[in-house]
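J.: return a 3D structure for these sequence lines:
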Amino acid sequence: MKPGPRNLITDVAGLRVGNASDPDLKSGTTVLTADAPFVASVSVQGGAPGTRETDLLAPDKSAPGVDALVLSGGSAFGLGAAEGVMAALRAAGRGFAVFSARVPIVPAAILFDLLNGGAKDWDESPYPALGRAAFDVAGTEFQIGTAGAGTGAQTARFKGGLGSASVVLDSGATVGALVAVNPMGCAVTPSGKHFWAAPFEMDGEFGGLGPDPVPGFRPLPPSRKVEAMARQGNTTIGIVATDAALDKAQAQRLAVAAHDGLARALVPSHSPHDGDLVFAAATGARRLEDPASELLQLGHAGAVAMSRAIARALWEATPSDGDTLPTFRQSLGQ
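T.: Down below sits the predicted model:
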């Protein structure tokens, strides 16, 4: 198992990602799409999710694939980002065919970033335009850290952000993760100097700081997030993707496995105040030769990639005017 050439979810051939953000708003949107519809499913483990069209992704539902997946800031307002993506897809002639009509299928999930110091006094929601802009710039290279859906994200002690990572398995299959990190919990250990995800780091991708050397259980330090944010909700939302040929039920199991990576990297996770959600996407380019064995490996890879992507989100976060929390690297004097 090794990182892909970009160490991004777009190492899964055929996938593209676009970001759009507004620094004054301190929020943004991230879109994952492809040139053709792809199989998708979802697993929701948090107690306060905000979603659109996720019912279609259940294995017993008839929609065969989706045209894009949206991660957005903005709480419930951010679900409007999918409208902008739908408009772009419709203009391109994309969508699920219903006789002469075409309806783009664009599931979405949002995180709560309304109390992060940004200007939220809009008259018209900015999120449909952000969704359209993110779709329009989608490509194989994209920014992580303070970008897209992670622009205004926060963790309990430091700025959050957008992260991504990938792995290539010995079989040749590729798995990638994309995540907007905005939990109630911590991505770093109580010392504030090491990532919970450290055991899974590859090639010093988030600083090479290693695991926390202090053994044993230690209470978490108090959260720096304001109490109101905890009451209103937070959320870490992500996507795990592969080039393997999976059906919707298998994709759902991949999403469930990726939540293990989320829980390893964020403590606590899946709380009543978080809407923790992972989409799974499968392009179908690689046929499974041994489904039982390969699905196990894909799930493990998805969890590893998700943990690494979460730590990379914090490591790549950058300071902005008006921030209410420091970045992790600022805390290290970098």
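J.: sheet-wise, list the partners of the lengthiest strand in the chain with their directions.
T.: Taking DSSP state E as the criterion, the chain has its longest strand at strand 27-44. Applying DSSP bridges, strand 27-44 is found paired with strand 15-22 (antiparallel), strand 66-72 (antiparallel), strand 277-286 (antiparallel).
J.: quick check, distance from it to the centre of its chain.
T.: 10 Å (C-alpha atoms, centre = their mean, to the nearest Å).
J.: that strand: which residues count as buried?
T.: 27-34, 37-44 (16 or more other C-beta atoms under 10 Å). The C-beta positions use only the backbone N, C-alpha and C, and glycine is treated the same way.
J.: the next helix or strand after that strand packs against which elements?
T.: Heading C-terminal from strand 27-44, the first helix or strand you meet, by DSSP states H and E, is strand 51-52. Contacts defined by 3 or more C-beta pairs under 8 Å, 6 or more residues apart in numbering; DSSP states H and E place strand 51-52 against strand 108-110.
J.: helices or strands up against the strand it packs on?
T.: Using 3+ C-beta pairs under 8 Å, 6+ apart: strand 108-110 touches strand 51-52, strand 66-72.
J.: export those strands to CSV and append columns for distance to Thr140 and mean pLDDT.
T.: Shown next, in CSV, are the helices and strands packed on strand 108-110 (distance: least, C-beta to C-beta, whole Å; pLDDT from 0 to 100):
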stretch, distance to Thr140, mean pLDDT
strand 51-52, 26, 96
strand 66-72, 15, 98
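J.: thinking again about what came up before, buried deepest among the strands paired with strand 27-44, which one?
T.: Stretch with highest mean neighbour count among the strands paired with strand 27-44: strand 66-72 (a mean of 30; mean count of other C-beta atoms under 10 Å).
J.: after that strand comes which helix or strand?
T.: helix 81-91.
J.: quick revisit: give the rounded mean pLDDT of the longest strand of the chain.
T.: The average pLDDT within strand 27-44 is 97.
J.: taking helix 81-91 as reference, get the angle to it.
T.: Put simply, strand 27-44 runs at 90 degrees to helix 81-91, going by axes from the mean of the first three to the mean of the last three C-alpha atoms, to 10 degrees.
J.: which one of the helices and strands packed on strand 108-110 lies nearest to Val12?
T.: strand 66-72 (12.7 Å; C-beta to C-beta).
J.: burial count for His194?
T.: 18 (other C-beta atoms under 10 Å).
J.: that one reaches Leu209, doesn't it?
T.: Yes - contact criterion C-beta atoms under 8 Å: His194 and Leu209 qualify, at 5.4 Å.
J.: redo the strands paired with strand 27-44 as JSON lines? Include distance to Gly118.
T.: Converted to JSON lines, the strands paired with strand 27-44 look like this (distance: least, C-beta to C-beta, whole Å):
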{"stretch": "strand 15-22", "distance to Gly118": "8"}
{"stretch": "strand 66-72", "distance to Gly118": "14"}
{"stretch": "strand 277-286", "distance to Gly118": "23"}
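J.: nearest to Ala133, out of the ones you listed?
T.: With C-beta to C-beta as the measure, strand 15-22 is the member of those nearest Ala133 (3.8 Å).
J.: buried set for stretch 237-257?
T.: By neighbour count with 16+ other C-beta under 10 Å, stretch 237-257 contains the buried residues 237-246, 248, 250-257.
J.: and if you look at stretch 42-56?
T.: For stretch 42-56, by 16+ other C-beta under 10 Å, it's 42-46, 48-54, 56.
J.: pull the most distant pair out of the residues you listed.
T.: Farthest pair in these, by C-beta to C-beta: Ala48 and Leu56, 21.1 Å.
J.: return the distance of Val31 relative to Thr235.
T.: Taking C-beta to C-beta, to the nearest Å as the criterion, Val31 is separated from Thr235 by 18 Å.
J.: could you report the pLDDT at Gly192?
T.: 89.
J.: residues near it, how many?
T.: 14.
J.: now it: closest residue in space, sequence neighbours ignored.
T.: The shortest distance from Gly192 to any non-neighbouring residue, by C-beta to C-beta, 6 or more residues apart in numbering, is to Ser331 (6.1 Å).
J.: again, but for Arg287
T.: Ala245 (5.2 Å).
J.: go on, Gly299?
T.: Ala257 (3.1 Å).
J.: confidence score at that neighbour?
T.: For Ala257, the predicted pLDDT is 97.
J.: then the one 4 residues further on?
T.: The per-residue pLDDT reported for Gly261 equals 97.
J.: repeat for Pro104
T.: pLDDT for Pro104: 95.
J.: hang on, isn't it packed against Gly95?
T.: Yes - look at Pro104 against Gly95 with C-beta under 8 Å: they come within range, at 4.0 Å.
J.: tell me where the chain has helices.
T.: Here the chain has its helices, by DSSP state H, at 81-91, 127-136, 227-232, 248-265, 291-315, 328-331.
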